[in-house]
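> from the sequence below, what's the structure:
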Amino acid sequence: MESRGVFMGEIIKAYMVPHPPIVVPEIGKGQEAPAAATVNAFKTIASQIRDLAPDVIIITTPHGTVYGDYIHICPDPVLAGDFRSFGAPGVKLSFQNDISLLESIVEKAEKAGIDAGTLGHTEKFLDHGALVPLYFIAKEYQRFKLIRISIAGLPSIDLYRFGRCIAEAVAESNSRAVFVASGDLSHRLKDDGPYGFDPHGPEFDRILVDAVKAADFGKLLNMDERLCSRAGECGLRSFIMLAGALNGLDVSTTVHSYEGPFGVGYMVAEVSIGQPNPDRDLISIEKRSQAEKMKETRDNEDPYVALARLTLETYIRTGKILSRPDGLPREMLDEKAGVFVSLKKHGQLRGCIGTIGPTCPCIADEIIQNAISAGTKDPRFNPVKENELDDIVYSVDVLGKPEPVDDISQLDVIRYGVIVSHGYKRGLLLPNLEGVDTVEQQIEIARQKAGIGRDEPYTLERFEVVRHK
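Numbers count the residues shown, from 1 in each chain. A predicted model of the protein is given here:
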């Protein structure tokens with residue numbers, strides 16, 4: 001009887017760590033003293049890793065090659081770097097890449113519908129997000145291969161699901177792995193810090209550290225985006241990947257240190273891994289929750305949104321452009337207008353394309369045209385894939401006729417969209433958008449979209465919309 005073999009791979013321990021170059025003695029030269037707790041914690045976990053003797057270390061980092069919708073994994077056979085950018089060129093590190101495990105991770109991600117791999121590689125050396133923790137680890141232990149993975153601007157749940165892809169690939173290998181998630185916390189803890197002080201900085205750090213102490217990975221997944229932005233955080237996405245790699249498992253955590261001596265939050269945390277626990281299967285829990293929300297959304301969508309959804313689903317699944325379906329409201333067939341179709345996935349924009357004025361015989365045709373474009377031609381995103389369709393939420397904005405604006409006092413960020421023009425350059429921003437709180441912000445974003453320089457004059461127009469969602 002043919003033997004199939006038994007896979008013995010597993011993630012045996014995980015760590016969340018910061019990456020301030022100043023804590024490397026050859027760089028700090030004594031200035032690292034205020035971060036002594038971080039240095040000592042690094043030494044503690046380095047000794048643990050030495051005793052664990054892993055075959056591979058998987059490190060995630062928010063620096064290096066980072067994309068909005070693609071998780072980059074460094075493909076070089078040898079992963080090397082030094083601290084020359086920080087005045088210590090003689091401090092060099094070099095590790096063999098685990099190419100076989102890398103390829104397995106990419107394969108698992110592809111099957112899960114997550115864009116990840118080695119495309120677009122430009123970095124030739126390890127970034128400091130990887131080098132700082134590896135510096136301390138290599139002082140104690142070097143007999144490991146390395147995989148270096150960048151974060152991406154994907155929704156948190158997709159980063160978490162990618163973490164599970166990493167775990168599945170490790171499980172199908174013969175490697176004992178340690179997962180190191182590199183990332184600082186808030187950069188806005190002190191007035192004299194790199195980005196000054198913001199009260200959201202200490203708040204973010206408190207919430208995150210408490211969540212890690214409680215092993216509440218669900219809280220990491222659901223951190224408020226505006227809080228994260230105001231706090232100037234760095235490592236959350238890296239930590240979410242780690243959490244996903246431990247999905248469905250009991251874990252216990254130890255925060256060895258937390259401090260912010262230079263206006264940036266540094267946390268060193270250890271994650272010990274236990275037995276399977278379905279109550280910690282956040283992917284299944286999130287999937288059920290999303291399915292319930294999506295059913296309610298689909299049940300209550302109006303004809304404008306239903307047409308946009310049916311159009312994109314038809315095009316993605318069959319490659320065919322939808323003909324106008326029967327039963328549409330008369331105004332969709334008799335009236336003309338500019339239309340914007342917006343797509344969101346897990347609360348994040350996934351595509352938005354529209355027309356300032358009518359380009360089609362009727363609103364229905366305008367929706368059909370722009371729904372396909374929003375899903376396949378928005379240059380900011382990869383085309384929507386079939387396995388994403390069940391997670392897409394649609395909105396349709398029907399634009400009123402633009403009218404000139406003489407002064408910004410005539411604008412209202414909630415009521416009016418804005419068009420900024422200079423010659424043939426025109427940039428448009430819809431009204432009532434999340435994160436756009438002032439007229440000045442609205443104008444600036446529209447100006448940038450148009451490619452209008454700061455010193456170039458421009459004219460303004462405003463318009464109202466009827467939003468369907």
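
> so where is the protein shaky, pLDDT-wise?
1-7 (pLDDT under 70).

> mark out where each domain of this protein begins and ends.
In the domain annotation for the chain, the residue ranges read 10-284, 290-468 (automatic domain parsing).

> tabulate those in CSV, adding columns for mean neighbour count.
The way it works is simple: take the backbone N, C-alpha and C, and place the C-beta from them, glycine included. Listed next are those as CSV, based on neighbours: other C-beta atoms under 10 Å:
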stretch, mean neighbour count
domain 10-284, 19
domain 290-468, 17
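
> all strands of the stretch 1-150 of the chain, in order?
With DSSP state E, counting those that start in this stretch as the criterion, the stretch 1-150 of the chain has strands at 10-17, 56-61, 71-72, 78-83, 88-96, 116-117, 145-150.

> what's the closest of those strands to G193?
With C-beta to C-beta as the criterion, G193 lies closest to strand 10-17 of the strands of the stretch 1-150 of the chain, at 19.5 Å.

> and the closest one, what does it pack against?
Counting contacts by 3 or more C-beta pairs under 8 Å, 6 or more residues apart in numbering; DSSP states H and E, strand 10-17 packs against helix 36-52, helix 128-140, helix 156-171, strand 176-182, helix 236-245, strand 266-276.

> T65 is nearest to which of the ones you listed?
T65 lies closest to helix 128-140 among these, at 11.3 Å (C-beta to C-beta).

> who are the packing partners of the closest one?
Counting contacts by 3+ C-beta pairs under 8 Å, 6+ apart, helix 128-140 packs against strand 10-17, helix 36-52, strand 56-61, strand 78-83, strand 88-96, strand 176-182.

> following the last one, which helix or strand comes up?
Reading on from strand 176-182 to the C-terminus, the next helix or strand found by DSSP states H and E is helix 200-213.

> that next one to helix 236-245, inter-axis angle?
10 degrees (axes from the mean of the first three to the mean of the last three C-alpha atoms, to 10 degrees).

> quick one: V384 from A46, how far?
Separation of V384 from A46 (C-beta to C-beta, to the nearest Å) stands at 44 Å.

> same check on H346?
Distance, H346 to A46, by C-beta to C-beta: 36 Å.

> likewise F83?
According to C-beta to C-beta, F83 and A46 sit 17 Å apart.

> look up the residues forming beta bridges with M16.
Per DSSP bridges, the residues bridged to M16 are A181, A269.

> so it touches A269, yeah?
Yes: the pair M16 / A269 is scored as a contact, 4.3 Å apart, by C-beta atoms under 8 Å.

> now do the shared contacts for these two.
Taking C-beta atoms under 8 Å, 6 or more residues apart in numbering as the contact rule, M16 and A269 both touch V212.

> not counting its neighbours along the chain, what's nearest the residue nearest the centre of the chain?
With distances taken as C-alpha atoms, centre = their mean, G153 lies nearest the centre of the chain, 2.5 Å away. Excluding the flanking residues, the one nearest G153 by C-beta to C-beta, 6 or more residues apart in numbering is G68, at 4.0 Å.

> ok, residues contacting stretch 383-393?
Here stretch 383-393 makes contact (C-beta under 8 Å, 6+ apart) with 113, 290, 294, 297, 309, 312-313, 316-317, 343-346, 350-351, 375-377, 469.

> so which of the residues you listed sit within helices?
Residues of the contacts of stretch 383-393 located in helices (DSSP state H): 290, 294, 297, 309, 312-313, 316-317, 375-376.

> okay, those in TSV with distance to G129 next?
Output for these, formatted as TSV (distance: C-beta to C-beta, whole Å):
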residue	distance to G129
Q290	31
M294	36
T297	38
R309	40
L312	37
E313	39
I316	36
R317	40
G375	33
T376	34
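
> looking at the residues you listed, which is nearest I22?
Proximity of the ones in helices among the contacts of stretch 383-393 to I22 was ranked by C-beta to C-beta; the top entry is Q290 with 42.1 Å.

> just give the closest residue to the closest one, not the sequence neighbours.
Closest to Q290 by C-beta to C-beta, 6+ apart is D391, at 6.8 Å.

> likewise T122?
Nearest non-adjacent residue to T122, counting by C-beta to C-beta, 6+ apart: T65, 5.9 Å away.

> and that neighbour, how close does it get to F125?
Noted for T65: a distance of 11 Å to F125, by C-beta to C-beta.

> what about the strands in the stretch 301-450 of the chain?
Using DSSP E, counting those that start in this stretch, the strands found in the stretch 301-450 of the chain span residues 339-345, 348-354, 392-399, 403-405, 417-422, 425-429.

> for the fifth one, which strands pair with it and how are they oriented?
Here strand 417-422 has these sheet partners by DSSP bridges: strand 425-429 (antiparallel), strand 459-463 (antiparallel).

> next one: the fourth one
When pairing is defined by DSSP bridges, strand 403-405 lines up against strand 459-463 (antiparallel).

> and what of the third one?
Partners of strand 392-399 in the sheet, by DSSP bridges, are strand 339-345 (antiparallel), strand 465-468 (antiparallel).

> using TSV, lay out those together with distance to P402.
Compiled in TSV, the strands paired with strand 392-399 are given as follows (distance: least, C-beta to C-beta, whole Å):
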stretch	distance to P402
strand 339-345	13
strand 465-468	11
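
> closest one to V396 among these?
strand 465-468 (4.4 Å).

> dump the strands of the stretch 301-450 of the chain into JSON lines; add distance to R330 as well.
Shown next, in JSON lines, are the strands of the stretch 301-450 of the chain (distance: least, C-beta to C-beta, whole Å):
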{"stretch": "strand 339-345", "distance to R330": "17"}
{"stretch": "strand 348-354", "distance to R330": "22"}
{"stretch": "strand 392-399", "distance to R330": "14"}
{"stretch": "strand 403-405", "distance to R330": "26"}
{"stretch": "strand 417-422", "distance to R330": "26"}
{"stretch": "strand 425-429", "distance to R330": "28"}
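
> out of the ones you listed, nearest to E233?
Across the strands of the stretch 301-450 of the chain, E233 has its closest neighbour in strand 348-354 (16.5 Å, C-beta to C-beta).

> list the contacts for the residue nearest to M267 when sequence neighbours are not counted?
The shortest distance from M267 to any non-neighbouring residue, by C-beta to C-beta, 6+ apart, is to Y258 (4.7 Å). By C-beta under 8 Å, 6+ apart, the contact list for Y258 reads 37, 205, 209, 265-268.

> what sits against the closest residue in space to I408 that isn't next to it in sequence?
Closest residue in space to I408, ignoring its immediate chain neighbours: V439 at 5.2 Å, by C-beta to C-beta, 6+ apart. Residues in contact with V439, defined by C-beta under 8 Å, 6+ apart, are 408, 411-413, 418.

> next one: Q441
Neighbouring residues of Q441 by C-beta under 8 Å, 6+ apart: V413.

> and the gap between it and L411?
For Q441, the distance to L411 - C-beta to C-beta - is 11 Å.

> do S257 as well
Distance, S257 to L411, using C-beta to C-beta: 49 Å.

> nothing else from me, thank you.
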